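A.B. asks: Could you look at this predicted model? Sequence included:
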Amino acid sequence: MVMKLVIRLLQEQKKRCVEKMYGSECDSFSMLSWFREAVLETNPGSSVVLEVDESTERFKRVFVAYAGQIQGFKFSLPVLYIDGVFGKSKYKGQILAATGRNGNKGRIITFISNRGVGLLKTFDLIFPGNPHLYCYHHLRYNLSRKYKNKGGEIVVADVLQKFFKVAYASTEKSFYFHLKNLRDKGGAATIDEFIREIPLEHWCRAFFKGCRYGIMANGIAESFNNWIVAERSLPPFVMLDHTRMKEMKMMLERSVESKSWTTKLTPKMEKRLKEQLDRSRVFRVIASHENVYEVRNDKYSYSVDLSTRTCSCMKWQINCFPCAHALAAIQGARLDVYDFIDPYFTAEHYRMCYSFPIAPLSNVDASCSSTEDFILPPVTKRPAGRPKSKRIPSAGEKKLIRCGRCNKMGHHNKKSCTEPLNMLL
């Protein structure tokens, strides 16, 4: 009882401190009108949409896209990572973020998400025909749930390892080969039921229609959610303003850093090119006809078409970056390898991504703002229990470790091991 009282007092004290630093959370919603006006004035070309219920004058949603980010996205990979996370302030809500990816690792955008029900309906309605990838890590977790209380950790780990090979298969033949192994290990009925729920073109590399740049997971969206974890606890106006300042600072830092690069590609992609060139040295190249070559080593042969930028290994098409076989053919034809690399991977495109800064906001005249909107907060109900401040990782995200006592793979260590040991007498 005493501990609960102490916790309650600490929560109240924290609430008063937050209000003293950032103002009333209720009044923060009305400041969103000024924020919209200020962003549109100082950052022409930005998009700020503030929706309020006309009958109740209560806040519904707000959308923000700064002009610098809109312009910079034209020079980044045509990929958007979509993910949602819950706010942790008094009025909760959900933060939905679309995160782009620069090249350091008739434009059709590929979307990547965790397959949320609401997101699936939205994609089909607003972006029909655009490629949509399902995050591999979320699928992996969903599959592991199928075996809850049905097998040991080693069995589940083996199933997930085989699922990895299925998802990452580059060709249809490879896919069906690994799928057979997965069905044998995980049970045909369970695996078939799981596969039916997720169309192959949304998660398997061999069937994806479009350019996925080697991407399999929604990790960048998860990183962004973790990047703004402190801001998620703040009042809505303060959360948007602090996030804006972090983005403004990050864009400048990356712009300054990229000016010192001397390579044609970004450093990471230049390193990747060098590694692929080293691998390409073991291949022999035989010309078939114009732009078409057979690339061989002592064991395998591949067909490379430079005019269509395709290789029979499918990795050039999947990664949108020349594979070792393609690089061998390009060099055999005495052509420049950089002419066959997507411009989004160049250092010049990277610099252009961050060449459109977010302009600062000044609130000196905020009290004189022309807007007189008064926005009420949404109606919410506080959930029972103490608010959680840390994200709980899902079972599919936990890495397996080897126990020093039983020598088995699992989620336990030597101290927590309860496995029976075979004693030799």
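C.D. replies: Sure thing, it's come through. Numbering: from 1, shown residues only.

A.B. asks: and the helix or strand hosting Glu193, which residues are buried?
C.D. replies: For Glu193, the host element (DSSP states H and E) is helix 188-196. Applying a neighbour-count criterion of 16 or more other Cβ atoms under 10 Å, the buried positions in helix 188-196 are Thr190, Ile191, Phe194, Ile195. Quick note: C-beta positions are derived from backbone N, CA and C, even for glycine.

A.B. asks: ok so Thr263 is a helix residue?
C.D. replies: No - Thr263: not assigned to a helix; according to DSSP: H, G, I helix; E, B strand; the rest coil it is coil.

A.B. asks: quick one on the thing from earlier: what comes into contact with the helix holding Glu193?
C.D. replies: Here helix 188-196 makes contact (Cβ atoms under 8 Å, 6 or more residues apart in numbering) with Asn142, Leu143, Lys146, Tyr147, Leu179, Leu182, Arg183.

A.B. asks: Excluding its own residues, what touches stretch 250-258? List them.
C.D. replies: Gly68, Gly72, Asn102, Thr266, Ala347, Tyr350, Arg351, Cys353, Tyr354, Ser355, Pro357, Ile358.

A.B. asks: rerun that using 6 Å as the cut-off
C.D. replies: Tyr350, Arg351, Tyr354 (Cβ atoms under 6 Å, 6 or more residues apart in numbering).

A.B. asks: Same list, the residues you listed, but as CSV with neighbour count, secondary structure and pLDDT please.
C.D. replies: Conversion of these to CSV gives the following (neighbours: other Cβ atoms under 10 Å; DSSP: H, G, I helix; E, B strand; the rest coil; pLDDT from 0 to 100):
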residue, neighbour count, secondary structure, pLDDT
Tyr350, 26, helix, 95
Arg351, 18, helix, 96
Tyr354, 23, coil, 95
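
A.B. asks: from the residues you listed, which is closest to Asn226?
C.D. replies: Tyr354 (21.2 Å; Cβ to Cβ).

A.B. asks: For that closest one, list the residues it contacts.
C.D. replies: With Cβ under 6 Å, 6+ apart, Tyr354 has these contacts: Met251, Arg254, Ser255.

A.B. asks: need the strands for the stretch 1-150 of the chain, in chain order.
C.D. replies: Ranges of strands in the stretch 1-150 of the chain, per DSSP state E, counting those that start in this stretch, are 47-52, 59-65, 79-86, 94-100, 110-113, 132-134.

A.B. asks: and Glu222, which of those strands is closest to it?
C.D. replies: Using Cβ to Cβ, those put strand 79-86 closest to Glu222, at 6.6 Å.

A.B. asks: and of the contacts of stretch 250-258, the nearest to Glu51?
C.D. replies: Tyr354 (30.3 Å).

A.B. asks: just for the stretch 151-300 of the chain, where's the confidence low?
C.D. replies: 151-152 (pLDDT under 70).

A.B. asks: from the contacts of Tyr354, which is closest to Ser170?
C.D. replies: For those, the nearest to Ser170 is Arg254 (32.2 Å; Cβ to Cβ).

A.B. asks: what's the burial count for the closest one?
C.D. replies: 16 (other Cβ atoms under 10 Å).

A.B. asks: Put the alpha carbons of the helix or strand where it lies into CSV.
C.D. replies: In this structure, Arg254 sits in helix 236-258 according to DSSP H and E. Extracted in CSV, the C-alpha atoms of helix 236-258 (Å, rounded to 0.1, in the frame of the first residue of the first chain):
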residue,chain,number,x,y,z
PRO,A,236,1.4,16.7,-29.0
PHE,A,237,2.7,20.2,-30.0
VAL,A,238,6.0,19.7,-28.0
MET,A,239,6.4,16.2,-29.5
LEU,A,240,6.1,17.5,-33.1
ASP,A,241,8.4,20.5,-32.4
HIS,A,242,11.1,18.5,-30.7
THR,A,243,11.0,15.9,-33.4
ARG,A,244,11.3,18.6,-36.0
MET,A,245,14.5,20.0,-34.3
LYS,A,246,16.0,16.5,-34.2
GLU,A,247,15.3,16.0,-37.9
MET,A,248,16.7,19.4,-38.7
LYS,A,249,19.9,18.7,-36.8
MET,A,250,20.3,15.2,-38.3
MET,A,251,19.8,16.5,-41.9
LEU,A,252,22.6,19.1,-41.4
GLU,A,253,25.0,16.6,-39.9
ARG,A,254,24.5,14.2,-42.8
SER,A,255,24.9,17.0,-45.3
VAL,A,256,28.2,18.2,-43.8
GLU,A,257,29.5,14.6,-43.5
SER,A,258,28.8,13.7,-47.1
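
A.B. asks: For Leu252, give its distance to Asp278.
C.D. replies: Going from Leu252 to Asp278 by Cβ to Cβ, to the nearest Å gives 36 Å.

A.B. asks: I misspoke; the intended subject was Met251.
C.D. replies: For Met251 relative to Asp278 (Cβ to Cβ), the value is 34 Å.

A.B. asks: Which one of the two is surrounded by more residues?
C.D. replies: Using other Cβ under 10 Å as the criterion, Met251 and Asp278 rank with Met251 on top: 20 against 11.

A.B. asks: any idea how far the more buried one lies from His178?
C.D. replies: Distance from Met251 to His178, counting by Cβ to Cβ: 42 Å.

A.B. asks: same check, this time on Met314
C.D. replies: Distance of Met314 to His178, computed by Cβ to Cβ: 14 Å.

A.B. asks: Arg279 now?
C.D. replies: Taken as Cβ to Cβ, the spacing of Arg279 relative to His178 amounts to 23 Å.

A.B. asks: Could you check which of the two has the larger neighbour count?
C.D. replies: Ranked by neighbour count (other Cβ under 10 Å), Arg279 and His178 place His178 first, with 19 against 14.

A.B. asks: ok, the more buried one - contacts?
C.D. replies: Lys165, Val166, Ala169.

A.B. asks: Sort out which of those are buried, if you could.
C.D. replies: For the contacts of His178, buried by 16+ other Cβ under 10 Å: Val166, Ala169.

A.B. asks: Next, format the contacts of His178 as JSON lines and append distance to Ile109 and secondary structure.
C.D. replies: JSON lines is the format used below for the contacts of His178 (distance: Cβ to Cβ, whole Å; DSSP: H, G, I helix; E, B strand; the rest coil):
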{"residue": "Lys165", "distance to Ile109": "29", "secondary structure": "helix"}
{"residue": "Val166", "distance to Ile109": "26", "secondary structure": "helix"}
{"residue": "Ala169", "distance to Ile109": "25", "secondary structure": "coil"}
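
A.B. asks: Understood, closing this out.
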